[in-house]
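> generate a structure from the sequence data that follows.
(one chain, ligands or ions: 2)
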Amino acid sequence: TQSTRPQRILGAVQQNATRGDPRSVVRAIDQYCRSQEWAMNVGDEKGCILDSVVSEVNPSTVLELGTYCGYSTVRIASLLPPHAKLITLEFNPKFAVIARQVIAWAGLEDKIQLVEGSSGDLIPKLKEQFGVKAFDLVFLDHWKDRYLPDTKLIEECGLLRKGGVLLADNVICPGAPEYLEFVRSSPRYESQYFKSHLEYTKVEDGLEKSVFLG
Ligand SMILES: CCCNc1ncnc2c1ncn2[C@@H]1O[C@H](/C=C/CNC(=O)c2cc(-c3ccc(F)cc3)cc(O)c2O)[C@@H](O)[C@H]1O
Ligand SMILES: [Mg+2]
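Ligands and ions are numbered 1, 2, ... in the order given. Below you'll find the model as predicted:
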């Protein structure tokens, strides 16, 4: 029977990456998606910007919205200090199954908690159910029209610490205009745009980094 793109991405990881070596997992996915078939991973060019923001923030707790195959999940977690944790939310069970195997191949199960469900339902439960106090970094890479409502929800739930950072993928392509307008005009955020390109292409895209001022 016909395989799915996430299944083929997992296959590329299992064939080309070394178990327990997160960077080889990232490299295997990038090589596959650049040479065989495009997929909506943040990719290697924007990934370097992601790496620099993660290293700068040096977060203890990270929230990712939209796991997909786990590319950015593994990329972020590979840079976290020993006791740091990353919670990633994914509501498509077929993608979650693949992402869990990619995360396992990278050997990052101890750092990453993949929670199945929709961000709107799960965000209000993160404090009580997962013992989260506040996030140092949130990576937004799920449905683009959900960036703004989920940011407001994260604020309402007191899940972003003062100085905490929101990092949003795709603010140009496909675009998140309402989100951009909000974080760039709100006095409670200090925003900065990192110009780059859509993963594996020459199309312009970029990441928006927004520091929560409290
Ligand atoms: C109620 C839904 C909102 N809450 C949610 N809660 C949890 N997981 C959610 C989610 N929404 C979506 N997801 C998951 O995130 C992922 C969705 C990501 C959406 N991303 C994009 O559409 C995207 C699209 C492009 C793209 C760019 C150009 C183009 F021509 C075609 C596509 C590039 C990207 O980098 C992208 O991130 C999936 O795994 C989905 O199941
Ligand atoms: Mg994206």
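
> for the chain, what lies in contact range of ligand 2?
141, 169-170 (C-beta under 5 Å from the ion). No exception for glycine: its C-beta is placed from N, CA and C like everyone else's.

> next, format the residues you listed as CSV and append secondary structure, pLDDT and distance to Pro22.
Output for those, formatted as CSV (DSSP: H, G, I helix; E, B strand; the rest coil; pLDDT from 0 to 100; distance: C-beta to C-beta, whole Å):
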residue, secondary structure, pLDDT, distance to Pro22
Asp141, coil, 99, 18
Asp169, coil, 99, 19
Asn170, coil, 98, 23
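
> out of the residues you listed, which is most surrounded?
Counting neighbours by other C-beta atoms under 10 Å, Asp169 leads the residues of the chain next to ligand 2 with 30 neighbours.

> surely that residue meets Trp143?
No. The pair Asp169 / Trp143 is not scored as a contact, 11.6 Å apart, by C-beta atoms under 8 Å.

> of the residues of the chain next to ligand 2, which are in range of ligand 1?
Among the residues of the chain next to ligand 2, the residues lying close to ligand 1 (C-beta under 6 Å from any ligand atom) are 141, 169-170.

> what's next to stretch 109-124, contact-wise?
Identification of contacts with stretch 109-124 by C-beta atoms under 8 Å, 6 or more residues apart in numbering yields 65, 67, 70, 73-74, 77, 80, 84-91, 93, 96, 99-100, 103, 130, 142, 146, 149-150, 153-154, 157, 159.

> show the end-to-end separation of it, please.
This stretch, stretch 109-124, spans 24 Å end to end (C-alpha to C-alpha, to the nearest Å).

> so it, near ligand 1 or not?
Yes. Using C-beta under 6 Å from any ligand atom, we find that stretch 109-124 touches ligand 1 at 118-120.

> list the buried residues of that stretch.
Across stretch 109-124, burial judged by 16 or more other C-beta atoms under 10 Å covers 111-112, 114-116, 118-119, 122-123.

> same check, this time on stretch 79-89
For stretch 79-89, a neighbour-count test (16+ other C-beta under 10 Å) marks 79-80, 84-89 as buried.

> from Ala99, how far off is whichever residue of the chain sits closest to ligand 1?
Going by C-beta to the nearest ligand atom, ligand 1 is nearest to Gly66 of the chain, at 2.8 Å. For Gly66, the distance to Ala99 (C-beta to C-beta, to the nearest Å) stands at 10 Å.

> any residues in contact with both of these two?
Common neighbours of Gly66 and Ala99 (C-beta under 8 Å, 6+ apart) are Glu90.

> which residues sit in contact with the residue in the chain that ligand 2 sits nearest to?
Closest to ligand 2 within the chain is Asp169: 3.7 Å, counting by C-beta to the ion. Shown here is Asp169, whose contacts under the criterion C-beta under 8 Å, 6+ apart are 42, 46, 72, 139-141, 205, 207.
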